[in-house]
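In: Sequence first, then the predicted structure, then my questions.
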Amino acid sequence: MFSLAADGMGVREAVVVFEQLGRGLVPGPLVSTWLAAGLIDGAADGTTLVGMLEPQPGATLVEHADIIDACLLWADDTLWQVPISALHMERVERPLDAGAPVWQVTGPVTPEALGATALASGDDATTRYLTGVVLTAALQLGVALAAGELATAYAKEREQFGRPIGGFQAVKHLCADMLVKAEVARAAVYAAACALDGASDDDPAVAASAAKVVAGDAALANGRYGIQVHGGMGFTWEVHAQRYWKRAVSLDVSFGSVSVHSEIMADAL
């Protein structure tokens with residue numbers, strides 16, 4: 001999977017793969033390792049796992065720090081490689097998403113302080129970042145689709161007052177809204193992939209932000225709606241509905257949240 005680009009495939013092919021990975025709630029540093037392929041030895045065949053370092057106000061978190069060998073860091077229009085040994089971290093004991101264990105970085109997060117090595121700069125670094133945005137949106141698309149399908153299947157089977165709950169108008173509307181949100185997100189993600197591959201006239205930066213906004217909203221909303229359709233069972237470990245919402249929250253803060261990309265789109269208008 002990580003060698004798709006080396007095999008001559010573009011972002012359009014990659015988003016189809018990442019959509020399915022999102023459906024399956026596949027854990028691991030998938031996007032960052034894919035972006036590191038061709039830049040860091042071993043990333044293309046998965047023998048080297050690469051995580052992401054995204055400085056945030058108040059806290060900088062690193063996912064899967066127990067299995068990764070290095071981190072990617074974007075700073076000063078440059079993509080940097082940070083050795084995992086350079087990071088001072090504390091594990092978060094109870095992360096929201098059990099499939100995405102996180103560690104909090106306690107020291108300074110700058111290329112100079114971490115002894116980082118430059119991997120790419122300028123347009124190359126920007127393109128890789130935008131690709132990361134779109135691939136993360138593809139994961140969110142998969143989450144949105146799977147959450148909607150799970151809720152719809154449950155609504156057809158669960159009976160109340162002698163009839164399937166899917167026959168009640170309120171539940172029908174929720175399931176219909178989930179499908180619409182997911183399909184609109186699919187269109188936005190595929191359009192952004194085409195823009196990054198140079199297969200359309202769209203601005204890649206704006207298209208990537210649009211994909212992250214629409215897919216992020218779809219994943220978060222469908223995660224919530226899926227729990228609502230399942231009722232009290234939706235919050236339990238026995239039902240997967242809560243897992244989709246948790247993964248949606250986890251993915252929302254990766255490569256910029258819905259709010260961040262909404263502001264980018266507003267500035268572009």
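Out: Alright, I've got the coordinates.
In: what are the ranges of the strands in the stretch 1-150 of the chain?
Out: Along the stretch 1-150 of the chain, counting by DSSP state E, counting those that start in this stretch, strands occupy 50-52, 60-63, 70-75, 78-83, 89-91, 102-105, 117-121.
In: Among these, which comes closest to Thr136?
Out: Proximity to Thr136 (Cβ to Cβ) singles out strand 50-52 among the strands of the stretch 1-150 of the chain, at 9.8 Å. In this view, the C-beta of every residue, glycine as well, is placed from N, C-alpha and C.
In: thinking again about what came up before, adding mean pLDDT and mean neighbour count, write the strands of the stretch 1-150 of the chain out as JSON lines.
Out: Formatted as JSON lines, these follow (pLDDT from 0 to 100; neighbours: other Cβ atoms under 10 Å):
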{"stretch": "strand 50-52", "mean pLDDT": "95", "mean neighbour count": "25"}
{"stretch": "strand 60-63", "mean pLDDT": "92", "mean neighbour count": "22"}
{"stretch": "strand 70-75", "mean pLDDT": "94", "mean neighbour count": "23"}
{"stretch": "strand 78-83", "mean pLDDT": "96", "mean neighbour count": "20"}
{"stretch": "strand 89-91", "mean pLDDT": "94", "mean neighbour count": "12"}
{"stretch": "strand 102-105", "mean pLDDT": "94", "mean neighbour count": "18"}
{"stretch": "strand 117-121", "mean pLDDT": "95", "mean neighbour count": "16"}
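In: Please render those strands as CSV that adds distance to His173 to the earlier fields.
Out: Shown next, in CSV, are the strands of the stretch 1-150 of the chain (distance: least, Cβ to Cβ, whole Å):
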stretch, distance to His173
strand 50-52, 37
strand 60-63, 35
strand 70-75, 41
strand 78-83, 44
strand 89-91, 42
strand 102-105, 35
strand 117-121, 46
